[in-house]
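Q: Show me how the following folds:
(one chain, ligands or ions: 2)
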Amino acid sequence: MEVGDSVQVVNLYDIQNNMIELKNITKVYHSGDVETVVLKGISFTVQDGEFVSIMGPSGSGKSTLMHIIGALDTPTSGTYLLDGKDISKLPDDVLAKIRSEKLGFVFQAFNLLPRATVIRNVILPLVYAEVPIIERMPKAEHALAAAGLSEDRWHHLTNQLSGGQMQRVAIARALVNNPSLILADEPTGNLDSKTGEIVLHTFQDLNTEQGRTIILITHAMEVAEYADRIIQIRDGLIVEDKRITRKKRNQENKNISISQRSTI
Ligand code: ADP
Ligand code: MG
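A: Ligands and ions are numbered 1, 2, ... in the order given. Predicted coordinates for the structure are as follows:
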């Protein structure tokens, strides 16, 4: 090794691998004469491979923030670097491309097409991303397996599934484009607590086993605790940002395999 090489290696360690860098983000909504300041200056960074919860009471600005992080909306002011690139002022079509290539979304209400099959729902983002037809089915099957939905459900219509199964389809749909970042907004809000817990363990597995960066939005501490870090917001401002030891599986769930989980 040359002397110059070793210098370069040392420098690499100094580079912070920030996936998300928010600097003084604000969001103001106008309707008629009424101005609502929802985000009042949010700054934080998330590194590649982190599992972070954003927690706050209803109306605190969580979904607004998620829409900005997810390139579904732009901030009123401030900068947002995603993988080092400022995306806070890009036009809609460029944002759509970034969403399709880098991001996966999971919502409280699942947002599936009810009269389409599970497979069809999961394939849809691949159609939008213009993935060649021959690659679509294997990718969809891979994502459904990773999301833990048992194979005997893959050709059902989504309106024939339980809530837990629907959320697994939504997770598979979020995974199918191999996103580096998954954004989940109250993903357990429509699930009973046991099913919710299993879905949250699925996020933990996707983070630990596949290295996905995950941002989990919730109003509930018992949900936020599944992550390794909790950012609390209130009235559009960060009030706390701390690292925690993530909540572990209950003993009774410890040895449950993905296929067993998928029956729920
Ligand atoms: P949370 O997800 O934490 O419940 P939201 O981000 O959905 O909070 O909303 C925060 C505040 O912003 C609320 O007071 C809400 O009424 C307001 N808000 C959200 N979207 C809009 C909008 N499009 N126009 C005006 N006000 C909005
Ligand atoms: Mg919300």
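Q: With just CA atoms, put the helix of greatest length in the chain into PDB.
A: If you go by DSSP state H, the chain has its longest helix at helix 193-210. What follows is helix 193-210, C-alpha atoms only, in PDB (Å, rounded to 0.1, in the frame of the first residue of the first chain):
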ATOM      1  CA  SER A 193     -52.000  -4.800  19.400                       C
ATOM      2  CA  LYS A 194     -50.800  -8.300  18.800                       C
ATOM      3  CA  THR A 195     -50.900  -8.000  15.000                       C
ATOM      4  CA  GLY A 196     -49.300  -4.500  15.300                       C
ATOM      5  CA  GLU A 197     -46.500  -6.000  17.300                       C
ATOM      6  CA  ILE A 198     -45.800  -8.600  14.600                       C
ATOM      7  CA  VAL A 199     -45.800  -5.900  11.900                       C
ATOM      8  CA  LEU A 200     -43.300  -3.900  14.000                       C
ATOM      9  CA  HIS A 201     -41.100  -6.900  14.300                       C
ATOM     10  CA  THR A 202     -41.100  -7.200  10.600                       C
ATOM     11  CA  PHE A 203     -39.800  -3.700  10.400                       C
ATOM     12  CA  GLN A 204     -37.100  -4.600  12.900                       C
ATOM     13  CA  ASP A 205     -36.100  -7.600  10.700                       C
ATOM     14  CA  LEU A 206     -36.000  -5.500   7.500                       C
ATOM     15  CA  ASN A 207     -33.700  -3.100   9.300                       C
ATOM     16  CA  THR A 208     -31.400  -5.700  10.900                       C
ATOM     17  CA  GLU A 209     -31.400  -8.400   8.200                       C
ATOM     18  CA  GLN A 210     -31.600  -6.300   5.100                       C
END
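Q: So which bits of it are buried?
A: Neighbour-count burial for helix 193-210, counted by 16 or more other CB atoms under 10 Å, picks out 195-207. For the C-beta atoms, the positions are set from N, CA and C on the backbone; glycine is no exception.
Q: Against ligand 1, how distant is the closest residue to residue 149 other than its chain neighbours?
A: The shortest distance from residue 149 to any non-neighbouring residue, by CB to CB, 6 or more residues apart in numbering, is to residue 168 (4.2 Å). Distance of residue 168 to ligand 1, given as CB to the nearest ligand atom, to the nearest Å: 23 Å.
Q: Let me know the secondary structure of residue 168.
A: Taken by DSSP: H, G, I helix; E, B strand; the rest coil, the conformation at residue 168 corresponds to helix.
Q: ditto for residue 145
A: Per three-state DSSP, residue 145 ends up helix.
Q: Same question for the one 10 residues further on.
A: Reducing the assignment to helix, strand or coil with three-state DSSP, the entry for residue 155 is coil.
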